[in-house]
Structures are given as C-alpha cells and as structure tokens.
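Visitor: need a structure here:
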Amino acid sequence: MGRLKKSVTWRTVGPIIPVVLLLTAVAAVWYAFDRPSDLPPDELRSLIVGNTLDGLWGEAEVPYRQYVAGDGTTRTLLQGDLQAGTWSIDEDGAYCAVLPGGEEGCYRARRQNDVYFWVDAEKSLGYPFRVLPGEQLAPETTDQTSQLRSSTGNARQGLGDHAGF
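Guide: Below you'll find the predicted structure:
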C-alpha cells in the first residue's frame, strides 16, 4: 500500500494564519478584562469611607464587619467583639488598619469582576468582602455569609496567579 505524501506549502498554511492571529487577539483581550486589578488609592478611598466592609477573614473565613470612618478610625465587629482602630492608605495604595493591641496589617484591595478582595503581599489568597452603604455593624446571618462564601469561591481561587504586587 502506498503512502500519500503531502507537502506543506504557503498555500495550505496561509489561510490558517489569520484565524490563529484572531484567536490570539481575542484571548489577549479576554485576559486583560478578566484579570484582577488593584484599586487605585482614590477609588479605594471613595469606595470604603463612610461605608461598612462585610467580609470573610483568613483561611478560616471568619465573618467580620468593619465601618471605615472619614476621620481615620474604624469600628470592627469580629466574632461578637466590637473593636476600635485606625486606618490609612499608604504611599503604595494599600489599605492599612491597626486594631488595639495588634500590629498594622496592609492589604491591596483587588477587584475581579464584581467581587472585592483584600490581598496580602506575602500570600496569594484573597479575602473576599463587599461594601455596604453607611454604618451597618449588626452581625450577618448565616445564610448571607454562606452567599458571600459561595459567590466568591471561584474568583478567590483565580487571584493566585496575580496576587503579588
């Protein structure tokens, strides 16, 4: 039985090149729009000041609420304990908070699609949060906390590739 030998020529490959270029361009645009991005300092400030951050903290996903006042103070409800602290945005655009007796922690606010995350420079995992208007420090119900967990699961995992600053 004879073998059919085909030679590759410009004529056989040429029509494929525009398709490959188009697919590459579409993939690049999709990646640029879906990629998590750090919030600029001015946008972060306008998002959080005078509002309550409602999120899940740490790998244990402990629910918390933190009211961020315009005078640089915070009130944080964590595991039933209301604590006062201070906050600022540093020169690199990171949100820095200090609770009494604690060290300062600084985190980038990152947005992926419509979900916000606090991302530590040393970890690739983001801690999800949403913004509630005004001061709303009443504890979250279990159902609402579960919704935050489930709505952020896939997006949270996607931060790993882009978490470093």
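
Visitor: can you list the weak-confidence ranges in this protein?
Guide: Along the chain, the model assigns pLDDT under 70 to residues 1-8, 10, 12-14, 19-36, 100, 122-125, 139-165.

Visitor: quick one, strands of it?
Guide: Along the chain, counting by DSSP state E, strands occupy 37-38, 51-57, 62-68, 73-78, 81-89, 95-98, 105-112, 115-119, 126-133.

Visitor: show me what contacts the residue nearest to Tyr64 when sequence neighbours are not counted?
Guide: Excluding the flanking residues, the one nearest Tyr64 by C-beta to C-beta, 6 or more residues apart in numbering is Leu78, at 4.6 Å. Any C-beta I mention is one placed from the backbone N, CA and C, and that applies to glycine too. By C-beta atoms under 8 Å, 6 or more residues apart in numbering, the contact list for Leu78 reads Trp57, Val62, Tyr64.

Visitor: beta partners for Leu78?
Guide: On the basis of DSSP bridges, Leu78 is bridged to Tyr64, Asp81.

Visitor: From Pro41, how far off is it?
Guide: 25 Å (C-beta to C-beta, to the nearest Å).

Visitor: ditto for Gln112
Guide: Taken as C-beta to C-beta, the span from Gln112 to Pro41 is 19 Å.

Visitor: Who has more neighbours out of the two?
Guide: Shown here are Gln112 and Pro41; by other C-beta atoms under 10 Å, Gln112 has more neighbours (20 against 16).
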